[in-house]
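>>> Output the structure for:
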Amino acid sequence: MDLQDASLDGGALNQAIANEIGRLLADFTGRGASTSRAFVHDDVVVCLLEHSLTKAERNLLAAGQTEVVRRLRDVFQTTMETDLVAIVERLTGRRVRTFVSGSNVSTDTSTEVFLLEPPA
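Numbering: from 1, shown residues only. Predicted structure coming up:
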């Protein structure tokens, strides 16, 4: 773990988490979110991503393929889980106990939620 990263707190920590998760999404899908916000409160980290659907996904939605896009987003989030957890663990200096991810493709919004182990 990079001790410099784990020393972040408050707004700097929130921003670092949001930026890195947004960057991972962009690297993975080819398009990042227009808005990425993260919030850390006690043992919970929430990252909210808005407007990240790719052009292909938007075209599928326009063609009525909502369920296909939902399944695709679920696959993206499951595939990225290890990297998402690593980002939060490195930046918070704490182990992630639980990861929950979800998307609402009709509003082009997704959340990544991490439940942290208690501090050492």
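>>> residue ranges of the strands in this protein, please?
35-41, 44-50, 96-104, 109-116 (DSSP state E).
>>> angle of the longest one against strand 109-116?
Using axes from the mean of the first three to the mean of the last three Cα atoms, to 10 degrees, the interaxial angle of strand 96-104 with respect to strand 109-116 works out to 170 degrees.
>>> what lines up beside strand 96-104 in the sheet?
strand 109-116 (antiparallel) (DSSP bridges).
>>> Count the residues that sit near the nearest residue to Asp43 once chain neighbours are set aside.
Distances taken as Cβ to Cβ, 6 or more residues apart in numbering place Leu116 nearest to Asp43, at 4.4 Å, with adjacent residues excluded. C-betas here are computed from N, CA, C, even on glycine. As a burial measure, Leu116 scores 19 neighbours (other Cβ atoms under 10 Å).
>>> before we move on, the earlier item: how about the strands of the chain, which one is nearest Arg70?
Nearest to Arg70 among these is strand 96-104; the distance by Cβ to Cβ comes to 6.7 Å.
>>> Let's see the closest one as PDB, backbone CA atoms only.
Taking C-alpha atoms only, strand 96-104 is exported to PDB below (Å, rounded to 0.1, in the frame of the first residue of the first chain):
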ATOM      1  CA  VAL A  96     -12.900  -3.600   1.800                       C
ATOM      2  CA  ARG A  97     -15.300  -6.100   3.400                       C
ATOM      3  CA  THR A  98     -18.100  -5.800   0.900                       C
ATOM      4  CA  PHE A  99     -18.600  -4.400  -2.500                       C
ATOM      5  CA  VAL A 100     -22.000  -3.600  -4.100                       C
ATOM      6  CA  SER A 101     -22.500  -2.100  -7.500                       C
ATOM      7  CA  GLY A 102     -25.500  -1.100  -9.400                       C
ATOM      8  CA  SER A 103     -26.700   0.800 -12.500                       C
ATOM      9  CA  ASN A 104     -29.800   2.600 -13.700                       C
END
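>>> Now do the buried residues in that strand.
Val96, Phe99, Ser101, Ser103 (16 or more other Cβ atoms under 10 Å).
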